[in-house]
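> Structure for the following, please:
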Amino acid sequence: MSLLYVNENGATIGVEANKCVVQYRDGMKKMIPIESLEGITIMGQSHLTTKCAEECMCRGISVAYFSKGGKYFGRLMSTDHINVQRQRKQSALYDTDFAMKLGQKILSAKVKNQSVVLHRYEKSRELLLDEEQKMMRICKEKILNCSRIEEMIGFEGQAAKYYFQGLSKCIEQNFRFRGRSRRPPKDEFNSMISLGYSLLMNEVYCKIEMKGLNPYFGFIHRDAEKHPTLASDLMEEWRAVIVDATVMSMINGHEISKDQFYFDMDEPGCYITRDGLKSYLNKLERKFQTEIRYLKYTDYAVSFRRAILLQMERLTKAIEEGDADLYEPVIIR
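Residues are numbered from 1 along each chain as shown. Model (predicted):
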């Protein structure tokens, strides 16, 4: 299965002879067999034909819309996968022991994965980040002993502060940054991870829909208007593993340069150029297709994209049974 990214303005996405066809302004065409298409991500001002939209909805192909800078606008979706009874069970588990247990599992796994990613880069740069690692361990233990979700989120935020502080010491000197910045991202590193997180959310959102769950009925993140809190919950174990690791690899591997970013005065913030975006999307897509053996319940390798779906199936089972112990977050080594 493949994911189509369209990141040029003025393109038209249609259907011809059972193929999804992208017609670019310069006359170039790109064709993908529609049977192999899992989703379409449109970044910028491109046009999806009515026929293509109908075909996508009939086949359950997700279509997501983003700005050129990576701001998520919304998506075209079918109602075929909606499972009302499952969503009623999902909603009833909000603010229960199920939510507490799931939160402890996911957020402690997130901090553990951040620690592993940070250790890889401190080792490659021949650094010792004992203080950052110590504080992250303390925060992880605090999460496991919290009695309220709000407390867990607070300790997770503290762990993230030390994690990004450590990454800044491991990154190439001219890409150094001062902590996490969002809406807008203030530097190149934050620009890349913000975009990466948006694309990761799109992946998770799509898998939530496929299992008939409601992306807006979360367990860890509190109810928020217009925000898919369940997608935010389920992204946590993957952020460092997929997005942060990809960004650090590109920067420290000199696969992207400072001149592939620009600062916009009309929409203050740092943004990636068209060429930089193409390189980044290619690298991130290769990451999603990388095969791993991190899932405890499989004895074979699966891609990161497949692993996200399998984890969604485990969560669905946990919701059906009302038992958070049936869900085990991914923990990398």
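> how about the helices in the stretch 101-250 of the chain?
Counting by DSSP state H, counting those that start in this stretch, one finds helices in the stretch 101-250 of the chain at the ranges 130-144, 149-170, 188-210, 229-235, 245-252.
> following the last one, which helix or strand comes up?
With elements assigned by DSSP states H and E, the helix or strand that comes after helix 245-252 is strand 261-264.
> does R286 count as helix, strand or coil?
Following DSSP: H, G, I helix; E, B strand; the rest coil, we place R286 in the helix state.
> Can you show me the strands along the chain?
For the chain, applying DSSP state E gives strands covering 2-6, 12-16, 19-23, 29-33, 37-43, 47-48, 62-66, 72-76, 261-264, 269-272, 291-292, 302-303.
> Against I153, how distant is S191?
For S191, the distance to I153 equals 25 Å [C-beta to C-beta, to the nearest Å]. Heads up, the C-betas are built off the backbone N, CA and C, glycines and all.
> Select, out of the helices of the stretch 101-250 of the chain, the one closest to C52.
helix 188-210 (17.3 Å; C-beta to C-beta).
> which strands and helices sit next to the closest one?
Counting contacts by 3 or more C-beta pairs under 8 Å, 6 or more residues apart in numbering; DSSP states H and E, helix 188-210 is packed against strand 37-43, strand 62-66, strand 72-76, helix 229-235, helix 245-252, strand 269-272, helix 274-289, helix 304-321.
> between those, which gets the lowest average pLDDT?
The stretch with the lowest mean pLDDT among these is strand 72-76, at a mean of 82.
> if we can go back for a sec, mean neighbour count and distance to A159 for the helices and strands packed on helix 188-210 - can I get that in CSV?
As requested, the helices and strands packed on helix 188-210 are exported to CSV (neighbours: other C-beta atoms under 10 Å; distance: least, C-beta to C-beta, whole Å):
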stretch, mean neighbour count, distance to A159
strand 37-43, 21, 30
strand 62-66, 21, 28
strand 72-76, 14, 25
helix 229-235, 22, 16
helix 245-252, 20, 17
strand 269-272, 21, 25
helix 274-289, 17, 23
helix 304-321, 18, 21
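> ok, back up a step: now the helices of the stretch 101-250 of the chain in TSV, with distance to Y262?
Shown next, in TSV, are the helices of the stretch 101-250 of the chain (distance: least, C-beta to C-beta, whole Å):
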stretch	distance to Y262
helix 130-144	31
helix 149-170	22
helix 188-210	10
helix 229-235	27
helix 245-252	17
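> Out of the ones you listed, which gets nearest to Y5?
helix 188-210 (8.7 Å).
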